[in-house]
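Enquirer: Okay, structure incoming, though there's no sequence with it:
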């Protein structure tokens, strides 16, 4: 079974631009969660999608948004990029974490904002 | 509010030494899950263990063992006879009442402990 895939793996953008990251969960998994990892703030929860619906959201500004498609693939978008958005963005796939299923993480997308 | 504290920022040991990584958590929920993940330099979080709040049994998996004590809100991780391949950042995480939809998919992570095992 293929694992969680994230594309692209590396990305360089400049301040003010926007970026879209993609996450393909494990086949059959319907939940995708997104996390931001920075040296200063550590791993922080962004949001979770299940069956195309956002069920849970972390404490991030509205510049951070996401969506999930009918095939469970998810995208997250960051608009008006700031230097502080430079981070490793991880997505996690699960059958349904609300049913106590465990999460499997992808390799991450490393975003650098110049 | 939930919180996970990993007081040890960095640990360095010599191969074959035993090492314990500490994790202390805070939560108001009676139902919760605790996790340990390993993050090698490649960045991917590798799941090691999940323990629910109602199961205080210690667990052993090969060279890895975990000690869960609700009385002290701790969930410590021990690597026996460490190896160079164990070098990584280790994260402890907490998921509160995951059956509550508003908690769905959310885990609170500690700041991680960087373990270096020298040959």
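Expert: That came in fine, so what should we check first? For clarity, every value in this text was computed on a predicted model and none was experimentally measured. Residues are numbered from 1 along each chain as shown, chains lettered A, B, ... in the order given.
Enquirer: Please make it C-alpha for all contacts and neighbour counts, starting now.
Expert: Will do.
Enquirer: Doesn't residue A:70 lie inside a strand?
Expert: No - remark: residue A:70 does not belong to a strand; assigned using DSSP: H, G, I helix; E, B strand; the rest coil, it is coil.
Enquirer: Which phi and psi values does it adopt?
Expert: phi -60, psi -20 (degrees, to the nearest 10).
Enquirer: count of neighbours near it?
Expert: 10 (other C-alpha atoms under 10 Å in any protein chain shown).
Enquirer: do the one 4 residues further on as well
Expert: Residue A:74 sits with 25 neighbouring residues when counted by other C-alpha under 10 Å.
Enquirer: Give me the number of neighbouring residues for the residue nearest to it when sequence neighbours are not counted.
Expert: The shortest distance from residue A:74 to any non-neighbouring residue, by C-alpha to C-alpha, 6 or more residues apart in numbering or on different chains, is to residue A:68 (4.2 Å). Neighbours of residue A:68 under the rule other C-alpha under 10 Å: 23.
Enquirer: ok, so what distance separates residue A:68 from residue A:33?
Expert: Applying C-alpha to C-alpha, to the nearest Å, the value for residue A:68 to residue A:33 is 10 Å.
Enquirer: between those two, what contacts are shared?
Expert: residue A:49 (C-alpha atoms under 8 Å, 6 or more residues apart in numbering or on different chains).
Enquirer: these two touch, right, residue A:89 and residue A:36?
Expert: Yes - judged on C-alpha atoms under 8 Å, residue A:89 makes contact with residue A:36 at a distance of 4.7 Å.
Enquirer: Which one's more surrounded, these two?
Expert: Per other C-alpha under 10 Å, whichever of residue A:89 and residue A:36 has more neighbours is residue A:89, with 25 against 20.
Enquirer: which stretches of chain A have low pLDDT?
Expert: A:1, A:97-100 (pLDDT under 70).
Enquirer: would you list every one of the strands in it?
Expert: A:5-7, A:10-13, A:19-24, A:31-38, A:42-50, A:53-57, A:64-68, A:74-78, A:87-94, A:104-105, A:109-113 (DSSP state E).
Enquirer: Let me know which of those strands is tucked in deepest.
Expert: With neighbours defined by mean count of other C-alpha atoms under 10 Å in any protein chain shown, none of the strands of chain A is more surrounded on average than strand A:87-94, at a mean of 27.
Enquirer: Does that strand pack against any helices or strands, and if so which?
Expert: With contacts defined as 3 or more C-alpha pairs under 8 Å, 6 or more residues apart in numbering or on different chains; DSSP states H and E, strand A:87-94 has these neighbours: strand A:31-38, strand A:104-105, strand A:109-113.
Enquirer: Quick check: can you name the pairing partners of the longest one and their directions?
Expert: This points to strand A:31-38. When sheet partners are counted by DSSP bridges, strand A:31-38 sits next to strand A:42-50 (antiparallel), strand A:87-94 (antiparallel).
Enquirer: Contacts made by the shortest one with the rest, please.
Expert: Just to be clear, that refers to strand A:87-94. So strand A:87-94 is contacted by A:4, A:6, A:23, A:25-26, A:29-38, A:101-112, B:44 (C-alpha under 8 Å, 6+ apart).
Enquirer: How about stretch B:64-75?
Expert: With C-alpha under 8 Å, 6+ apart, stretch B:64-75 has contacts from B:22-26, B:34, B:53, B:56-60, B:76-80.
Enquirer: Give me the buried subset of those.
Expert: B:22-25, B:34, B:53, B:76-80 (16 or more other C-alpha atoms under 10 Å in any protein chain shown).
Enquirer: How much space separates residue B:43 from residue B:111?
Expert: Between residue B:43 and residue B:111 the distance is 15 Å, computed by C-alpha to C-alpha.
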